[in-house]
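**Student:** Here is the input, now give the coordinates:
(chains A, B, C and D)
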Number of protein chains: 2
Amino acid sequence: MLSTLRIEDNGVPIYVQIRDQFLGAIGSGLLRPGARLPTMREVAVALKVDLNTARHAYDELEQTGAIVIVRARGTYVVDKPPPLDSARQAKKVEGLAHQVVALAVAAGLDPGDVAQQVIRISKRQGVKK
Amino acid sequence: MLSTLRIEDNGVPIYVQIRDQFLGAIGSGLLRPGARLPTMREVAVALKVDLNTARHAYDELEQTGAIVIVRARGTYVVDKPPPLDSARQAKKVEGLAHQVVALAVAAGLDPGDVAQQVIRISKRQGVKK
DNA sequence: ATGACTGTATGCATACGATAATACACGGAA
DNA sequence: TTCCGTGTATTATCGTATGCATACAGTCAT
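**Tutor:** I've put the predicted structure just below:
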């Protein structure tokens, strides 16, 4: 996992890049629920980045509910994502969808293609609501 | 063009988001070579963003070689835009899709629902490949 | 020549990102 | 208990991003 991390000089904050790459790894099943993530220090050393920067990335991952951070033990991919009421869910779906379209367009991609990929991936993994 | 621009609260700098969305628009053919871009002020007003921020985005676009900035006249898509090969694109689609699934799962949402929303939104906006 | 529109530039203020250097607190194993 | 690995916290410093306000400088149509 560590070896797959890459930092680019895009203007995109380092902690965002780290955060998003872990999100990708989790979403792709490369990191499965319960799996342990590299320690913050390992990430910091591997990417030649400050410990606080790695921490920042991990903090955000925890706030989104993707991982749990256990003091003195390590960080782990969450087992069960936190459930929400349907009203909130609808809003979140909407917001996330907008974000996806923006990201896709920004990358010069067809949002439809991305949507298709999303469907295929989620089916393959048997991710359920 | 202006109406398709969106700024998200991602941690990604505003000027990067603007820059990348224009790159996407150019790469996707939405903005063709020779086409005139919105003025910096239009972008600033439309996105409720500072003129300097819009300028920053445009500056980077010029440095990339994607546009030319002509003082007192406007900014235009360069005749020969830097291309994106399809292999790269496919990889980007894949990566983004994984990320979306991760985000959805982390938020307790059904990735399929998000995908559907994405399709609806992109259709509504007439975003083309 | 004038005026409107465009990009260019500046100064000031605030907030955030990143690094560095330490130090502390907790859990588990030896 | 002691040690080590892990996360937590603090302080300082530097650069960048953003906003706000204001002004300057070309280009073009009138």
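**Student:** Just the pLDDT for the residue of chain A found nearest chain B.
**Tutor:** Nearest residue of chain A to chain B, counting by CB to the nearest CB: A:Gly27, 2.7 Å away. C-beta here means a position set from N, CA and C on the backbone, and glycine is covered the same way. pLDDT for A:Gly27: 77.
**Student:** That one contacts B:Gly95, doesn't it?
**Tutor:** No. A:Gly27 is beyond contact range of B:Gly95, at 9.7 Å (criterion: CB atoms under 8 Å).
**Student:** So these two - more neighbours on which side?
**Tutor:** A:Gly27 (27 against 19; other CB atoms under 10 Å in any protein chain shown).
**Student:** residues in contact with the more buried one?
**Tutor:** A:Ile121, B:His98, B:Gln99, B:Val100, B:Val101, B:Ala102, B:Leu103, B:Ala104, B:Val105 (CB atoms under 8 Å, 6 or more residues apart in numbering or on different chains).
**Student:** Is the second one located within a strand, as I assumed?
**Tutor:** No. Following the definition DSSP: H, G, I helix; E, B strand; the rest coil, B:His98 is helix and is not counted among the residues of a strand.
**Student:** Next one: it from DNA strand C, what distance?
**Tutor:** 22 Å (CB to the nearest atom of the strand, to the nearest Å).
**Student:** Which parts of chain A are helices?
**Tutor:** Taking DSSP state H as the test, the helices found in chain A are A:14-27, A:40-46, A:51-63, A:86-106, A:111-125.
**Student:** Can you tell me which of those helices is packed in deepest?
**Tutor:** Across the helices of chain A, averaging neighbours per residue (mean count of other CB atoms under 10 Å in any protein chain shown) puts helix A:14-27 on top, at a mean of 22.
**Student:** With DNA strand C in mind, check whether it reaches it.
**Tutor:** Yes. Interface with DNA strand C: helix A:14-27 contributes A:Ile14, A:Tyr15, A:Val16 (CB under 7 Å from any atom of the strand).
**Student:** For B:Ser3, state which of these is nearest.
**Tutor:** Nearest to B:Ser3 among those: A:Val16, at 26.3 Å, using CB to CB.
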